[in-house]
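Chemist: Got a sequence here, can you build the structure:
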Amino acid sequence: MGICPDSFTSVGPNSNGCYHFDLTGKNATDAATYCLTRHSKLLSLESMEEYQVVTRWLNSNYATMPLGGVWTSGHLLNGQWVWLSTGKPMKFTAWKVGEPSGSGAYVWLWQQQGLKMDDIQAKPLLHTVCEKGLNNYCKLLDAEEIGIDDLPDYRLIRYTAI
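Modeler: Numbering: from 1, shown residues only. Just a heads-up that it's a prediction; the model follows:
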């Protein structure tokens, strides 16, 4: 297992990544930008195991979230839910019962609902969780590089390891 950089934490014994929680409220665009400036990406939960490890860490260390939840990189793009930080479809989900409801194109983890996923608009101020692989750094790819013409306002979410 590698060592996480300052302000990032390995959150489980089998964790291949490092996570950073920011208490400051940000909208979806600012949350993604914040992670990028830390050479990381906005949270994507691509398996049940990762979801359980991350939510256990959040509940243990940040039991009281004044803003009620955290942003993920989940987004409704061209009718499909994807992790914008990886470009992969959301194969694993942990939606709150009745979600997604069509109330927004962004995904957050709602603390009051047991950190279940909920769709929401991009404007609320929520906490941010950034992630990075051990010793991985990321760079921004623009819309032309990834072949997507109509990206949402925070188009900087697609990264690749360098």
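Chemist: which stretches of this protein form helices?
Modeler: 28-37, 48-61, 143-146 (DSSP state H).
Chemist: which of the ones you listed sits most buried?
Modeler: Burial of these is given as mean neighbour count (mean count of other C-beta atoms under 10 Å); helix 28-37 ranks first at a mean of 22. (Glycine included, C-beta is placed from N, CA and C.)
Chemist: quick one: low-confidence parts of the chain?
Modeler: Flagging of the chain using pLDDT under 70 yields the residue ranges 1-2, 13-15, 134-162.
Chemist: can you rerun that using 80?
Modeler: 1-3, 12-16, 134-162 (pLDDT under 80).
Chemist: quick one, strands of it?
Modeler: 17-26, 41-42, 69-77, 80-83, 88-89, 106-110, 116-120, 126-133, 138-140, 159-161 (DSSP state E).
Chemist: Make JSON lines out of those and add distance to G98 and mean neighbour count.
Modeler: JSON lines is the format used below for the strands of the chain (distance: least, C-beta to C-beta, whole Å; neighbours: other C-beta atoms under 10 Å):
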{"stretch": "strand 17-26", "distance to G98": "26", "mean neighbour count": "18"}
{"stretch": "strand 41-42", "distance to G98": "24", "mean neighbour count": "28"}
{"stretch": "strand 69-77", "distance to G98": "16", "mean neighbour count": "24"}
{"stretch": "strand 80-83", "distance to G98": "15", "mean neighbour count": "18"}
{"stretch": "strand 88-89", "distance to G98": "21", "mean neighbour count": "12"}
{"stretch": "strand 106-110", "distance to G98": "12", "mean neighbour count": "25"}
{"stretch": "strand 116-120", "distance to G98": "9", "mean neighbour count": "21"}
{"stretch": "strand 126-133", "distance to G98": "20", "mean neighbour count": "23"}
{"stretch": "strand 138-140", "distance to G98": "34", "mean neighbour count": "15"}
{"stretch": "strand 159-161", "distance to G98": "31", "mean neighbour count": "17"}
